[in-house]
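Visitor: This is the structure alone, sequence omitted:
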């Protein structure tokens, strides 16, 4: 690790007077808040008000680093050296881009290439900056021989909803599976109807992620009839994309068909949680009392709580509706979760709350 006295000053940068402990704190807090934000956005469903609060604190710390300028680099280097995780990679990449420091950006790219989190931090840094700021990098990367740079380039387009136009035709056929999957996702997000045939062909891709994003994109383009089998398979599979697939199935298929499918899922213990969670995606508030009933079953309480919050986001303001206390939740929950339950809805309290609707 770099010792404090060995950390170099940024080359060619003017000397700035800083308070070292404050700048160190800005660096550590910025990395922490971005990692927290990223994790919160993965929640089901995410609490957008909490995320907005974290964003404000993150931006305040980034402002402190902007003011420190190149003098902040020793603390950014130390943060990554001590804890090379997604938040620290975000910070490294963000500062390199902020300072238009090609050497540091190149280092961040290599760190992202070596990391095991799919370069989330670096992609997050690209998303945090304005499109005009990162445009030169994206133009260079998106057509590069290096597959990882192409992946970063198309990921930046996805994060900013930017259309690479004719380049996307080539990217959805890219030899690299990660580039291909991200490009198919982008085609759906942009609703590129000219790529429908490419998306249909990608339903037979050897790569699972590419098949999934092709199916998702077809749903966005109104061709869900072609995509539904793949989306249902991914939803039932329970992987990282299961909730996105479930939401796409609900969007793609007639309400009657979706409810019939969910009714079938409810008949098997392994699939019942998926059906309960999907109920919250239907937008039907009349399901509340049915959801309260599901909350009384330990195996279904987590998806029932998530479905409830999606249908009734205002319930987040009521702290008493959820608990982690076995004594509050009941013996069945204490046994099922081995005395360590997650944050779960308390059915009786939700029922009392519902009377006021």
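Guide: On my side now, so go ahead. Since the model is a prediction, treat every value here as computed from it, not as a measurement.

Visitor: switch to C-alpha atoms for all contacts and neighbour counts from now on
Guide: Will do.

Visitor: where exactly do the strands run in the stretch 201-350 of the chain?
Guide: 322-323, 344-345 (DSSP state E, counting those that start in this stretch).

Visitor: Other residues contacting the last one?
Guide: Put plainly, it is strand 344-345. Strand 344-345 is contacted from outside by 295, 301, 302, 304, 305, 321, 322, 323, 324, 329, using C-alpha atoms under 8 Å, 6 or more residues apart in numbering.

Visitor: Tell me which of the strands of the stretch 201-350 of the chain sits most buried.
Guide: strand 344-345 (a mean of 23; mean count of other C-alpha atoms under 10 Å).

Visitor: Quick check: mean pLDDT of that strand?
Guide: Across strand 344-345, the average pLDDT comes to 98.

Visitor: now swap in stretch 228-242 and tell me
Guide: On average, stretch 228-242 scores 95.

Visitor: Mind listing what's buried along that stretch?
Guide: Under the neighbour-count criterion of 16 or more other C-alpha atoms under 10 Å, stretch 228-242 has 228, 230, 231, 232, 234, 235, 236, 242 buried.

Visitor: Output these as a markdown table; include the columns distance to residue 69.
Guide: Compiled in a markdown table, the buried residues of stretch 228-242 are given as follows (distance: C-alpha to C-alpha, whole Å):
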| residue | distance to residue 69 |
| --- | --- |
| 228 | 51 |
| 230 | 49 |
| 231 | 47 |
| 232 | 50 |
| 234 | 46 |
| 235 | 46 |
| 236 | 49 |
| 242 | 42 |
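
Visitor: Helices - which of those land there?
Guide: Judged by DSSP state H, the buried residues of stretch 228-242 include 228, 230, 231, 232, 234, 235, 236, 242 as members of helices.

Visitor: which one of those residues is nearest residue 96?
Guide: Lowest distance from residue 96 to these (C-alpha to C-alpha) belongs to residue 242, with 34.7 Å.

Visitor: how about that closest one, what does it touch?
Guide: Contact analysis of residue 242 by C-alpha under 8 Å, 6+ apart lists 234, 235, 236.

Visitor: ok, so of these, who is nearest residue 250?
Guide: residue 235 (10.9 Å).

Visitor: Quick check: nearest residue in space to that closest one, chain neighbours excluded?
Guide: Spatial nearest neighbour of residue 235, chain neighbours left out: residue 242 (4.1 Å); criterion: C-alpha to C-alpha, 6 or more residues apart in numbering.

Visitor: lowest average confidence, helix or strand, in the chain?
Guide: When each helix and strand of the chain is scored by mean pLDDT, DSSP states H and E, helix 224-237 comes last, with a mean of 93.

Visitor: tell me the two of the contacts of strand 344-345 that are most distant?
Guide: The most widely separated members of these, counting by C-alpha to C-alpha, are 304 and 324 (15.2 Å).

Visitor: Those two - which one has more neighbours?
Guide: residue 304 (32 against 17; other C-alpha atoms under 10 Å).

Visitor: Find me the pLDDT at the more buried one, would you?
Guide: The predicted structure lists residue 304 with a pLDDT of 98.

Visitor: rewinding a little: format the contacts of strand 344-345 as TSV; extra columns: distance to residue 85.
Guide: Listed next are the contacts of strand 344-345 as TSV, based on distance: C-alpha to C-alpha, whole Å:
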residue	distance to residue 85
295	36
301	32
302	28
304	32
305	31
321	34
322	31
323	31
324	29
329	36
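
Visitor: Okay, residue 187 and residue 198: tell me how far apart.
Guide: Separation of residue 187 from residue 198 (C-alpha to C-alpha, to the nearest Å): 10 Å.

Visitor: neighbour count winner among the two?
Guide: residue 187 (33 against 16).

Visitor: That one: what's its closest spatial neighbour, skipping adjacent residues?
Guide: In space, residue 187 is closest to residue 217, 6.5 Å off (C-alpha to C-alpha, 6+ apart).

Visitor: With residue 310 instead?
Guide: What sits nearest to residue 310 in space, not counting adjacent residues and going by C-alpha to C-alpha, 6+ apart, is residue 280, at 5.8 Å.

Visitor: Quick one: residues contacting the one you found.
Guide: Contacts of residue 280 (C-alpha under 8 Å, 6+ apart): 306, 307, 308, 309, 310, 311.

Visitor: Can you select the buried ones among those for me in PyMOL?
Guide: Selection of the buried residues among these in PyMOL, burial being defined by 16+ other C-alpha under 10 Å:
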select buried, resi 306+307+308+309+310+311
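
Visitor: Just the ones of the contacts of residue 280 in helices?
Guide: Residues of the contacts of residue 280 located in helices (DSSP H): 306, 307, 308, 309, 310, 311.

Visitor: From residue 142, how far off is the first one?
Guide: With distances taken as C-alpha to C-alpha, residue 306 is found 38 Å from residue 142.

Visitor: if I look at residue 305, how far off is residue 265?
Guide: According to C-alpha to C-alpha, residue 305 stands 18 Å off from residue 265.
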